[in-house]
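[1] The sequence isn't on hand, but the structure is:
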Ligand SMILES: [Zn+2]
Ligand SMILES: [Zn+2]
C-alpha cells in the first residue's frame, strides 16, 4: 500500500477543516521528509481556503510556516541529518540553477513549487498535489529546507518562515538603516515583525495605525514614533516626511492618497499585503517620483540571512499556540482578529 500522510484539509470555501490523508510525492535523491511538530497559521492560508479568485484545488491541506524534524532524506542530501530541527516556508522546490535562483530569487523560479495549492510533477509527468503543514509530515527539496538556530524555539520559528521573511526581505533590499524614516502601516502579524526588523536595522520607525489603541505595543516593538491616521493633526505632522511606507493592509478601502501624502519625493510605497482588488494610486504620486513596489516571500539565502538576523538581534514574533487537532479554533482566532499576533499549531 502506498504510504499516506495525514492532516486537516479544507474541502470547500466554508473552510471547516477535517481529517484527510493523501499519498505524498516520492522521496527523491535531493528531498527531505520532515515530521512536523509545529505549523503557523498565516493569512495566506485563510485566503487560500476562501479562494476569492477560485484558484484553490480542494481538498487542500494548507500551512506554510512549518517546523519539525528530519525523518528521512534522499541519497544526495549531505547538509542535513536525521533528527535535525528544520523549517519550511512558502516554497518546497526551486531548481537552484536558473537566472532567478542564482540571483537569489528562488521564489520566482519558473520551476518552483509552492508549499500549498501547487503541484509536484515527476520525470514521467505524474502529478502530486502539494499539501502543507497542518499535517503529520511533508516532503520538500533540500534547498527549500532550513536549519532552525538553537536560540529560536520551534513555535516562534514558524511565523518567521513566512511573515518574518516577507517583512525582512524588502527592508534588507532597501538597505533600511540609520537615517531612514520608515512607516509601518498596520500593527498585526506582519507589522509587529516589520517594526522590530526596521528598528533593529537602525531606522527611525513610525508605526501607523487607525487609532491610538496599539501605541504602547508599537513602542515596545521598537517604534520611535506613532501616527494615528484618524487624527488629521498627526497626518499633517508627518506629511512628506517618510522615506518608505511598508503597508500590511489587505483592505479594499485603504485611503492610499493619505499614505502617499506621507512619503517624501523619490520615496517608496511598499505593499506587503496583497489586496484582492486593484488599488487606486493617484497619478500625482508618480509626479513626485514615488515608486510602488511589492514582493513575494524571499529566496533561500534570504531565509538564512533572516534567521541569522533574528538570532543576533533577538527578533521574535508574538504568538499563541494551540494543539493541531484544534486547528479550526486556531483559524477562528486568526479570522476574528483576536490572535496576538500569530497562532501556531502544535502536534
Ligand atoms: Zn530556478
Ligand atoms: Zn504566509
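    Okay, I see it. Keep in mind that what you see is a predicted model, and the values were worked out from it rather than measured. Ligands and ions are numbered 1, 2, ... in the order given.

[2] Which residues of this protein lie near ligand 1?
    Within reach of ligand 1 by CB under 5 Å from the ion, the chain has these residues: 94-95, 98, 101, 109. For the C-beta atoms, the positions are set from N, CA and C on the backbone; glycine is no exception.

[3] so residue 18 bridges to which residues?
    Counting by DSSP bridges, residue 18 forms beta bridges with residue 9.

[4] where's it relative to residue 9, distance?
    As judged by CB to CB, to the nearest Å, residue 18 and residue 9 stand 7 Å apart.

[5] So for these two, which sits in the more crowded spot?
    When residue 18 and residue 9 are compared for neighbours, residue 9 comes out ahead with 21 against 11, by other CB atoms under 10 Å.

[6] any idea where the helices of the stretch 201-347 of the chain begin and end?
    For the stretch 201-347 of the chain, the helices defined by DSSP state H, counting those that start in this stretch occupy 215-221, 232-237, 256-260, 284-287, 300-313, 327-335.

[7] Which other helices and strands does the host helix or strand of residue 6 contact?
    Using DSSP states H and E, the element containing residue 6 is strand 5-9. On a contact count with 3 or more CB pairs under 8 Å, 6 or more residues apart in numbering; DSSP states H and E, strand 5-9 meets strand 18-22.

[8] got the contact list for the strand it packs on?
    For strand 18-22, the external contacting residues (CB atoms under 8 Å, 6 or more residues apart in numbering) are 4-9, 11, 59, 61, 129, 131.

[9] got the contact list for residue 306?
    160, 164-165, 168-169, 172, 298.

[10] Ok, residue 230 next?
    For residue 230, the contact set (CB under 8 Å, 6+ apart) comprises 210-211.

[11] how close does it sit to residue 15?
    Distance of residue 230 to residue 15, computed by CB to CB: 32 Å.

[12] Low-confidence stretches in the stretch 151-300 of the chain?
    Residue ranges of the stretch 151-300 of the chain with pLDDT under 70: 251.

[13] can you tell me the residue of it closest to ligand 2?
    Here the stretch 151-300 of the chain gets closest to ligand 2 at one residue, residue 162, 3.2 Å apart by CB to the ion.

[14] Specify the local secondary structure of that residue.
    State at residue 162, reduced to three classes by DSSP: H, G, I helix; E, B strand; the rest coil: helix.

[15] what's the neighbour count on it?
    Count around residue 162 with other CB under 10 Å applied: 29.

[16] That one contacts residue 44, correct?
    Yes. Contact status for residue 162 versus residue 44: in contact at 7.2 Å, counting by CB atoms under 8 Å.

[17] Any idea how many residues pack against residue 120?
    Residue 120 has 20 neighbours, counted by other CB under 10 Å.

[18] Can you tell me the SS state at it?
    Using three-state DSSP as the criterion, the local structure at residue 120 reads strand.

[19] can you pull the contacts of the closest residue to residue 333 other than its chain neighbours?
    Distances taken as CB to CB, 6 or more residues apart in numbering place residue 339 nearest to residue 333, at 4.4 Å, with adjacent residues excluded. If a contact means CB under 8 Å, 6+ apart, then residue 339 has 41, 189, 320, 333 as its contacts.

[20] of all of the stretch 201-347 of the chain, which residue lies closest to ligand 1?
    Using CB to the ion, the single residue of the stretch 201-347 of the chain nearest to ligand 1 is residue 299, 9.9 Å away.

[21] Now secondary structure and pLDDT too, for the residues of the chain next to ligand 1, in TSV please.
    TSV is the format used below for these (DSSP: H, G, I helix; E, B strand; the rest coil; pLDDT from 0 to 100):
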residue	secondary structure	pLDDT
94	coil	96
95	coil	95
98	coil	97
101	helix	97
109	coil	96
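
[22] which residues do residue 162 and residue 44 both contact?
    The contact lists of residue 162 and residue 44 share 64, 90, where a contact means CB under 8 Å, 6+ apart.

[23] I figured residue 174 was touching residue 267, is that so?
    No. The criterion here is CB under 8 Å, and residue 174 misses it with residue 267 at 10.4 Å.

[24] about what we covered before: and the residue of the stretch 201-347 of the chain closest to ligand 1, how far is that from residue 246?
    Remark: distance between residue 299 and residue 246 (CB to CB) = 19 Å.

[25] Counting neighbours, go ahead and name the busier of the two.
    Set residue 299 next to residue 246 and count neighbours by other CB under 10 Å: residue 246 wins out with 30 against 23.

[26] Spatially nearest residue to the more buried one (excluding sequence neighbours)?
    residue 270 (4.8 Å).

[27] Report the distance from stretch 211-220 to the chain centre.
    Averaging C-alpha positions (CA atoms, centre = their mean, to the nearest Å) puts stretch 211-220 23 Å from its chain's average.
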